[in-house]
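Trainee: This is a predicted model, with the sequence first.
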Amino acid sequence: MTATTLNPPARAAGRESGLAGAGMLLKIWLRRDRVMMPSWIYGLTALVSSTVYSLKHEYDSPAALASFARGINDNPATRALYGPVLNDQTVGGLSAWRVGSTGSAMVAVMCVLLVVRHTRAEEETGRLELVGAASVGRRAPLTAALLTAVTAAGSLGAVAALVMIFFGLPVAGSVAFGLSWFGVGLVFAGVAALTAQLADTSRLANGLALGVLATAYMVRAMADAGSAHWLSWLSPIGWAQRVRPCADEQWAVLLLPLAAFVLLVAAAYALTERRDLGAGILAASLGPAHAAPSLRGPLALSWRLQRGTVLGWSAGFLLYGLAIGGVADGVGDLVNGSDAVMDDIRKMGGQQDISDAFLATAMGLMALFTAAFAVQSVLRLRAEESAGRLEPVLATAVGRTRWAVANLAVTVAGTIALLTATGLAIGLVHGARTGDLGGQLPRQLGAALAQLPSVWVIAAATMLLFGLLPRATSAGWGVLTVCLLLGQVGPLLDLPQAVMDISPFTHTPKLPGGDAAPLPLIALTAVAAVIAAAGLAAFRRRDIA
Amino acid sequence: MNDVVQASGLVKTFGRTRALDGLDLRVAPGEVHGFLGPNGAGKSTTIRVLLGLMRADAGTASLLGGDPWRDATALHRRIAYVPGDVTLWPNLSGGEVIDLLGRLRGGLDQTRRDELLGRFELDPKKKGRAYSKGNRQKVALVAAFASDAELLILDEPTSGLDPLMEEVFQECVQEEKRGGRTVLLSSHILSEVEALCDRVTIIRKGRTVETGTLNDLRHLTRTSIHAELAGPADGVPLPGAHDVHIDGNAIAFEVDTPELDAALKQLTQIGVRTLTSRPPTLEELFLRHYEDALAEEAVS
């Protein structure tokens, strides 16, 4: 009566469901994601199309496909990494195998990042409080975030299916493939919706959700590598596989991710009702009342801030090294019958011995990932500055040079840790499989560590940006991307050597197997030192903002 | 003795904005010096120049007898700084940050640290990300007050503190002063400055508009008078009086301080029953400065 006259009916209804304003938020968020979302969709679709295209061209007969597939299915390591090939007769079956598990994990990452970015991250920065003060219902932010993620996963699944149909794969298989990715996206959007309620920071929310993803992937890997195949029914990644795109599609399996999504989202909504804005369900953890005696200088501070990242990346590199070491020995069988692949690998690696060529390519890839670590590690200098945490530190007896060098020291130590983990893991497993542990361990470790100087050049370039153009420090990612493109695409396009020489990775010896000349490594290290010193000098001269 | 802070003719431009435009500032040893100005007047920029975080385009600055840019690290051992907007490392507890900042400076009085934590009612175990704005300020304040610095540079240090904590803060500053330390207190909370500061410098648009003791500044302005007279107050000639309100025998007005004596003589001729006089508050001083400036701008 009085209430209804005061409140227009539509608004009152919106209040009750807590959804008022969800449409507006969805619009804002889709706009905010107008670059990020299409980039993900483009990247993952490109992965699908390049896979289908290369499989079509390199394995032109069912016999070649089958022999390739046999190599995979006989090797527990490749089964663990990608899953088994379910249909070894068609390009569709092999494509679904090659990008099914790994690609769906990427879809999951996309959905987790999208949901957390629009829920917990918004709350953490306090922007949601502003929005919340406007007439926005309690459930609206979560609803809009989920719709954003569902839109992204749905579009991705649809585009991926269309691309596969365009390349002439069976329509049913292509649709099943798109839906299997969509299903994984749904599940992890739900997982992220839940962790965003549990955790009180976006970092923790992302970490928890990605932890669930890693567990799901591991469970599937164990199921596929061993004999307990039923285990993969417990993993959302396993569900995507069991939809069996292009291998006698099992449509009913798609009900599993749908059900999981409904349950997770219901739980997330229930938790939203039970907590305050800004708070998480998990209690915020407490720290010590006093600093440990070791926390006494800029080096200790920088290590303290980065140790989690360094340890996390090292663990990832170790796992990757173990997997690579496990497949290196059998890689000769894998590419048997495909001269094109052999040629490609030789072009990239430049060696005759196929295992070495494979490992050298893997090492090059790890160098790129290590450089990515290095860029984000150097970017922390800028993050400290722009967040206002640098100012109080520099107002103490710590000088600029000491502070910056301490941070760079952690970056350098981190890169060494990452590549040591890779080299040791590859050396151990590959050595054990080939029965030459004493020989392979130092050989692979050396090959991994030989990547360091080129990584340092990229890190130093980022430092130079930080010193000269602090606002453009994140262009360090651009430097890395250009070098990555030169290395990956340059040889295929036969770019002139002068252009290729811009990238430090061009000068890194192709190890193991290549010529381990020390000169390029010394030269690269010197170049890195000079660039970093120039960056430091510029940083000493400029204003802190 | 030499001034602790000596800045003259400081100029600093960011693109087209002139953040500092010939600013002068002198802080004497052992004094609490108020540094006043509206937002964007250049207070923080001046402090950043004094801390060697920025280099001025022109002018000279010296801090504790040294060059703020060249001798930064050596000088900073003798300085404690509290920024106006404290950000903490999200993963470090407040206690860790206090200890760390103390160690980076070169020393921290543990007894004083624990005492201050109690007085400011700060839980040192919380992680940086869990503190409210006011509690983040407290972390930096405890670190500064527990140091043995000769000079405290406080840049709007009490933003976000509740009135009780504001009182604790004022006690702490007074203790620092008794301990012989120098404090440069940038603020726009005038009651705080009025309660604590020996001298103040008022700046506007990067330039110093007034500097001196509060008494000096008061002398330049008006005193408000409220009196009840023996007879009707109509027609009393009051030179230099403003805002005169007369109600029967009661009279209230403001008078330019140099004319105070003459005005009082006029009142005593009628006969004074009660008299209250109040010196201008800093707030009134401050507002008058800016009103004048605004009026000038409106004219030009």
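Mentor: It's in. Just so you know, these numbers come straight off a predicted model, no measurement behind them.
Trainee: any weak-confidence spans in the stretch 301-450 of chain A?
Mentor: Applying pLDDT under 70 to the stretch 301-450 of chain A flags the ranges A:330-352.
Trainee: do the same with chain B
Mentor: B:1, B:219-220, B:292-300.
Trainee: so where do the helices sit in it?
Mentor: Taking DSSP state H to define them, one finds helices in chain B at B:43-50, B:72-76, B:94-105, B:110-119, B:133-145, B:163-178, B:190-196, B:214-219, B:260-270, B:282-299.
Trainee: do the third one and chain A meet at all?
Mentor: If I follow you right, that is helix B:94-105. Yes. Helix B:94-105 reaches chain A (C-beta under 8 Å from any C-beta of the partner chain) through B:95-101, B:103-105. (C-beta placed from N, C-alpha, C; glycine too.)
Trainee: The helix or strand hosting A:Gly154: what's the following helix or strand?
Mentor: Element membership for A:Gly154 (DSSP states H and E) is helix A:140-166. The helix or strand immediately downstream of helix A:140-166 is helix A:171-198, counting by DSSP H and E.
Trainee: so what does that next one touch, helix or strand wise?
Mentor: If contacts are counted by 3 or more C-beta pairs under 8 Å, 6 or more residues apart in numbering or on different chains; DSSP states H and E, helix A:171-198 sits against helix A:91-118, helix A:140-166, helix A:202-225, helix A:236-242, helix A:255-273.
Trainee: Need the residues of helix B:94-105 next to chain A in a markdown table (columns: neighbour count).
Mentor: Shown next, in a markdown table, are the residues of helix B:94-105 next to chain A (neighbours: other C-beta atoms under 10 Å in any protein chain shown):
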| residue | neighbour count |
| --- | --- |
| B:Gly95 | 23 |
| B:Glu96 | 26 |
| B:Val97 | 28 |
| B:Ile98 | 29 |
| B:Asp99 | 26 |
| B:Leu100 | 26 |
| B:Leu101 | 25 |
| B:Arg103 | 19 |
| B:Leu104 | 25 |
| B:Arg105 | 24 |
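Trainee: Enumerate every residue touching the residue of chain A found nearest chain B.
Mentor: Nearest to chain B, among the residues of chain A, is A:Gly287, at 2.9 Å (C-beta to the nearest C-beta). By C-beta atoms under 8 Å, 6 or more residues apart in numbering or on different chains, the contact list for A:Gly287 reads B:91-93, B:95-96, B:125-127.
Trainee: Up against chain A, what does the stretch 151-300 of chain B have?
Mentor: B:Ile153.
Trainee: Look through the stretch 151-300 of chain B and state the residue closest to chain A.
Mentor: B:Ile153 (7.8 Å).
Trainee: So which residues on chain A come close to chain B?
Mentor: Close to chain B, as judged by C-beta under 8 Å from any C-beta, chain A has residues A:124, A:200-201, A:203, A:284-292, A:295-298, A:301, A:304-305, A:308, A:387-389, A:391-399, A:543-544.
Trainee: how far does the helix holding A:Gly154 sit from the chain's center?
Mentor: 19 Å (C-alpha atoms, centre = their mean, to the nearest Å).
Trainee: mind checking which of the helices of chain B is nearest A:Phe261?
Mentor: A:Phe261 lies closest, by C-beta to C-beta, to one member of those: helix B:133-145, at 38.3 Å.
Trainee: what packs against that closest one?
Mentor: Where contact means 3+ C-beta pairs under 8 Å, 6+ apart, helix B:133-145 is packed against strand B:79-82, helix B:94-105, helix B:110-119, strand B:151-155, helix B:163-178.
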